[in-house]
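S.K.: quick one, what's the 3D model for this:
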Amino acid sequence: MKSKVSIGLLLLGLGLATGIVRAQPAKVWDLFGPPKVSQLSLSPDGRRIAFLSSDGGRKALCVVRLDTFQQDPLVTGDSQFTWLAWANNHTVLFGLDFGDLQTGGIFAVPARGGDVQVLMPTVAAQLNSSRPAGPASFLGPVPGNEREILIQYDLLTDGREGPNVYRVDLLTGKRTIAVRNPRRVIDWTTDENGGVRVGLRRDRTKYALLHRAPDSDSWKEILTYSEDQPGFIPIGFGPDPRWLYALEDADGAGNALVSVDSGTGQRNRVLFDPPAGDVIGMIRDPVSREIVGAWYRDDRIRAEYWQPDWARRQAQVDAALPERVNLWVDGSRDGRRLLVESRGDRTAGEYHLYETDTGSLRPLFRVRPDLKPERLCKMLSVSYAAADGLKIPAYLTLPPGGKTNQLPLVVLPHGGPWARDEWGWDPVVQFLATRGYAVLQPNYRGSSGYGRSFLQAGDREWGRKMQDDIAAGVTWAVAEGYADPERVAIFGASYGGYAALMGLIRTPDLYRCAISYVPVTDLRRWLRSKRDRHLLDRRFLAQRVGDRADDGSELREASPLSGVKQIQAPVLFAWGGQDDRIDPADGHRFVEALQREGKVHRAIFKADEGHGFESRANVEEFFGAVESFLAEHLRTGGR
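M.R.: Numbers count the residues shown, from 1 in each chain. Here you go, the predicted model:
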């Protein structure tokens, strides 16, 4: 069966030219348009690279030969490619997102071009059902079998709650159930022999780790925990199927990499526990399959090795590509070629090929070749004390020109809020900084990535201590001399947009204006909404945000809609009519309240956009409005 995509050819330049250029503001679409290349993956034999590409609005999956840099036929289409992976040396797998329910499937295409085969149908292609299905995911090839792969998918026709594991024939498309879901398992983990060994079950706020022995069909519960207990995330096996590797936050200070006896659930040892921050993944030798190191993130992503050869390789790459985060993203099966992704605060990303025999590094692609690092701005890691003394990590980016004091400042709280900013590429930061603004990104309490204790410090502190942490950052920037106290703005999206509005309400003398992009404006309505399929368990939200079953006074007090009368500064407010996280009607109600109270504001509503604008015209209009709005309200001191 063919999918509704076409076959074509797309040629890409390397875009690796350098040179000294005069600093000037980065163009909006160069910053926010789709990347030229993304999600590179090396074939098992190391001879080809598959990647996603966008050129002139045309999206494509490409395969390029590394010996000639000749591109084989590829798949193009209007839909959004979500991921890709090599099934073997001859077949590339990929996922598509057409929007709405036409997603979730898995497709295959020959690496040399040909018909696209549907291995797993999209949700819309299945039986009519109101029961939601999660996206399919590729678990891996069946070892020693070039024809078959393992996929986990919540296929509606099988009537199970949670994904089953399927064995799929790449030539015929035939699929058979390898493991039936015993109910409520949300994720499966295979060992290095292709055996499905571990399942993670979720029942409301309780998690259980299920295990089965290689010679057994029965599942045994080996470990349980709740959401407010130390987290445990299984991430894979090593060569010995006895030992399961996982991320665990036992002390509340951040995830460590641990090994666990998969038969008993007992921890064997801690491989690495960083002094600050979280372990975010393990580094595996592609030949031996041993775990040789770990990626962790404190102020930025770093590597820790316990295998000297790998430490040496990392040092070689870091020396060749300084002031970057350099990641191994793939490796050939013989270990002779490694794919490197290199990114930094002034570099959206580059891909290089590392040859282990010679230690040579070969440039391949730049993610955004039209942007020149010399024109962009450095990001600094900083920290400051909150009102109650809690240490708040943050990032400060200063505009070009060398001036470091009395600058106009834009505070940029991140969305989530259970997320974090990190050192590296950020298009919004570069948009603002290249236009003359200092930018402060606070990782307020409740942010992830700093351990369970820091995350839980934000429980039910929306509009309260989380907001105070952001305000404390302004106080710090002014005290340090970076910011002009008469020229401070706050700008955010999603939760950050909520925080921008609450900043005007809670600290009206601190900000001269606010930009609120796709924000939450009414917490009670948001928590009651069935529109937001991204919302987590109700108990989780009651713990983190507030209980909608209460009398609602706390939620009303922490909602921007209830505080419109207190807003004194101008507001730029933008939202979309197709937002699947926040009811667009809430945006209309908030703008009507601004109008009713006579507040200075500008509203931008795009009926065809969702939780963030995507079309070039709308993106350029919004950021053009941001630029003129900030120029107007931060141009001079005084109120």
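S.K.: contacts for the top helix by length along the chain?
M.R.: The single longest helix within the chain, with elements called by DSSP state H, is helix 616-633. Outside of helix 616-633, the residues within contact range by CB atoms under 8 Å, 6 or more residues apart in numbering are 28-29, 32-33, 57, 408, 410, 431-432, 435, 437, 489, 491, 512-513, 515, 517, 569-570, 572, 574, 602, 604, 606, 608-609, 613. Backbone N, C-alpha and C define where each C-beta goes, glycine included.
S.K.: alpha carbons only: can I get that helix in PDB?
M.R.: Output of helix 616-633 as PDB, limited to C-alpha atoms (Å, rounded to 0.1, in the frame of the first residue of the first chain):
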ATOM      1  CA  ARG A 616       5.800  32.200   7.600                       C
ATOM      2  CA  ALA A 617       3.300  35.200   7.300                       C
ATOM      3  CA  ASN A 618       2.000  34.800  10.800                       C
ATOM      4  CA  VAL A 619       5.400  34.300  12.400                       C
ATOM      5  CA  GLU A 620       6.800  37.300  10.700                       C
ATOM      6  CA  GLU A 621       3.800  39.400  11.600                       C
ATOM      7  CA  PHE A 622       3.900  38.400  15.200                       C
ATOM      8  CA  PHE A 623       7.700  39.000  15.700                       C
ATOM      9  CA  GLY A 624       7.400  42.200  13.700                       C
ATOM     10  CA  ALA A 625       4.800  43.300  16.200                       C
ATOM     11  CA  VAL A 626       7.100  42.200  19.100                       C
ATOM     12  CA  GLU A 627       9.900  44.300  17.700                       C
ATOM     13  CA  SER A 628       7.800  47.500  17.200                       C
ATOM     14  CA  PHE A 629       6.000  47.000  20.600                       C
ATOM     15  CA  LEU A 630       9.300  46.700  22.500                       C
ATOM     16  CA  ALA A 631      10.800  49.600  20.600                       C
ATOM     17  CA  GLU A 632       7.800  51.800  21.500                       C
ATOM     18  CA  HIS A 633       7.600  51.000  25.200                       C
END
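S.K.: let me know the secondary structure of the residue positioned nearest the centre of the chain.
M.R.: With distances taken as CA atoms, centre = their mean, the chain has Ala419 as the residue nearest its mean C-alpha position (8.7 Å). The local conformation at Ala419, judged by DSSP: H, G, I helix; E, B strand; the rest coil, is coil.
S.K.: which residue packs closest to it, ignoring adjacent ones?
M.R.: Nearest non-adjacent residue to Ala419, counting by CB to CB, 6 or more residues apart in numbering: Ser448, 5.8 Å away.
S.K.: what number of residues lie near the one you found?
M.R.: As a burial measure, Ser448 scores 16 neighbours (other CB atoms under 10 Å).
S.K.: so it sits right up against Leu455, yeah?
M.R.: Yes. Ser448 lies in contact with Leu455 (CB atoms under 8 Å); the separation is 5.7 Å.
S.K.: give the residue spans of the stretch 251-400 of the chain that score low on pLDDT.
M.R.: The stretch 251-400 of the chain contains no residues with pLDDT under 70.
S.K.: show me where it has its strands.
M.R.: Secondary structure of the stretch 251-400 of the chain (DSSP state E, counting those that start in this stretch): strands located at 256-261, 267-272, 278-284, 291-297, 301-305, 325-331, 337-344, 347-355, 360-366, 379-385, 391-397.
S.K.: so what touches the last one?
M.R.: To tie it back to what came earlier, the one meant is strand 391-397. So strand 391-397 is contacted by 299, 345, 377-386, 421-423, 429-430, 432-433, 438-445, 450, 469, 472-473, 477, 482 (CB under 8 Å, 6+ apart).
S.K.: can you turn the buried part of the residues you listed into a PyMOL selection?
M.R.: In PyMOL syntax, the buried subset of the contacts of strand 391-397 is picked out as below (16 or more other CB atoms under 10 Å):
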select buried, resi 299+345+377+379+382+384+386+421+422+423+429+430+432+433+438+439+440+441+442+443+444+445+450+469+472+473+477+482
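S.K.: next SSE downstream of the longest strand anywhere in the chain?
M.R.: Identified as the longest strand of the chain according to DSSP state E is strand 483-493. Scanning forward in sequence from strand 483-493 by DSSP states H and E, the next helix or strand is helix 495-506.
S.K.: which secondary structure elements does that following helix contact?
M.R.: helix 465-479, strand 483-493, strand 513-517 (3 or more CB pairs under 8 Å, 6 or more residues apart in numbering; DSSP states H and E).
S.K.: using PDB, list the CA coordinates for it.
M.R.: Taking Å, rounded to 0.1, in the frame of the first residue of the first chain, the C-alpha atoms of helix 495-506 are listed here in PDB:
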ATOM      1  CA  TYR A 495       3.100  29.100  30.900                       C
ATOM      2  CA  GLY A 496       5.600  31.900  30.100                       C
ATOM      3  CA  GLY A 497       2.800  33.900  28.600                       C
ATOM      4  CA  TYR A 498       0.800  33.300  31.800                       C
ATOM      5  CA  ALA A 499       3.800  34.500  33.900                       C
ATOM      6  CA  ALA A 500       4.100  37.600  31.700                       C
ATOM      7  CA  LEU A 501       0.600  38.600  32.600                       C
ATOM      8  CA  MET A 502       0.900  37.700  36.200                       C
ATOM      9  CA  GLY A 503       4.100  39.800  36.300                       C
ATOM     10  CA  LEU A 504       2.100  42.900  35.500                       C
ATOM     11  CA  ILE A 505      -0.500  42.000  38.100                       C
ATOM     12  CA  ARG A 506       1.700  40.900  41.000                       C
END
